[in-house]
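A.B. asks: Sequence and predicted structure, then a few things I'm wondering about:
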Amino acid sequence: MLKINIICIGKIKEKYFVDAIAEYSKRLGAFCKFNITELGEERIRSNTPNEAQIAEVIEAEGKRIISKINSSDYVAAMCIEGRQLSSEELAQKLDSVALSGKSTVDFIIGGSYGLSDAVKQRADLRLSMSRMTFPHTMARMILCEQVYRAFEISSGGKYHK
């Protein structure tokens with residue numbers, strides 16, 4: 001059984017997102033081992049951070065993200081410059097990863113300043129949800145839904161029409 005990890009920066013505070021993510025997590029249990037690892041956000045003491053402070057935050061968060069990734073994992077970094085896939089293409093990608101012998105897929109969602117170059121370089125796939133910008137909490141919920149949809153597509157379920 002494929003293991004799916006979402007490794008992300010920050011905690012979700014809004015109950016409606018927590019509830020939606022919990023529902024998709026429960027549904028995903030039928031298809032995979034599913035786990036979300038939340039890592040704390042780095043803090044900047046300034047209300048108007050400069051580029052060096054932002055770079056420091058991105059680098060520190062990146063190191064913590066990479067520490068959670070095993071060398072044998074397939075890594076999909078969620079980033080704006082990534083490839084956009086349809087739901088069917090995501091299903092095919094997960095199927096091909098499983099057939100390639102990989103047992104774990106890590107989806108990475110960075111903090112509000114983005115992902116470090118080190119995380120992007122480690123990634124096997126750079127994936128973009130859209131050219132639009134979403135709050136990180138919403139992106140996490142959408143990703144959970146799309147992973148669930150991908151498994152439903154692959155299994156011939158009725159969820160995806």
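C.D. replies: Arrived safely, thanks for sending. Computed from a predicted model, the values in this text were never measured in an experiment.

A.B. asks: Show me what counts as buried in stretch 18-34.
C.D. replies: 20-21, 24-25, 27-28, 31-32, 34 (16 or more other C-beta atoms under 10 Å). No exception for glycine: its C-beta is placed from N, CA and C like everyone else's.

A.B. asks: before we move on, what about stretch 125-133?
C.D. replies: If you call a residue buried by 16+ other C-beta under 10 Å, then stretch 125-133 has these buried ones: 125-127, 129.

A.B. asks: And the contacts of it?
C.D. replies: Outside of stretch 125-133, the residues within contact range by C-beta atoms under 8 Å, 6 or more residues apart in numbering are 74-85, 93, 107, 120, 139, 142-143, 146.

A.B. asks: how about residue 90, what does it touch?
C.D. replies: Residue 90 makes contact with 146-147, 149-150 under the criterion C-beta under 8 Å, 6+ apart.

A.B. asks: which parts of the one helix or strand it maps to are buried?
C.D. replies: For residue 90, the element it lies in under DSSP states H and E is helix 87-99. By neighbour count with 16+ other C-beta under 10 Å, helix 87-99 contains the buried residues 90-91, 93-94, 97-98.

A.B. asks: Kindly reformat these as a markdown table containing pLDDT and distance to residue 69.
C.D. replies: Listed next are these as a markdown table, based on pLDDT from 0 to 100; distance: C-beta to C-beta, whole Å:
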| residue | pLDDT | distance to residue 69 |
| --- | --- | --- |
| 90 | 98 | 20 |
| 91 | 98 | 23 |
| 93 | 98 | 18 |
| 94 | 98 | 17 |
| 97 | 97 | 14 |
| 98 | 96 | 18 |
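
A.B. asks: Find the centremost residue of the protein, please.
C.D. replies: The residue lying closest to the centre of the chain (C-alpha atoms, centre = their mean) is residue 107, at 3.3 Å.

A.B. asks: what's the farthest-apart pair in the contacts of residue 90?
C.D. replies: Farthest apart among the contacts of residue 90 by C-beta to C-beta are 147 and 149. That separation is 7.3 Å.

A.B. asks: Looking only at neighbour counts, state which of those two leads.
C.D. replies: residue 147 (26 against 18; other C-beta atoms under 10 Å).

A.B. asks: what's the distance between that one and residue 20?
C.D. replies: 13 Å (C-beta to C-beta, to the nearest Å).
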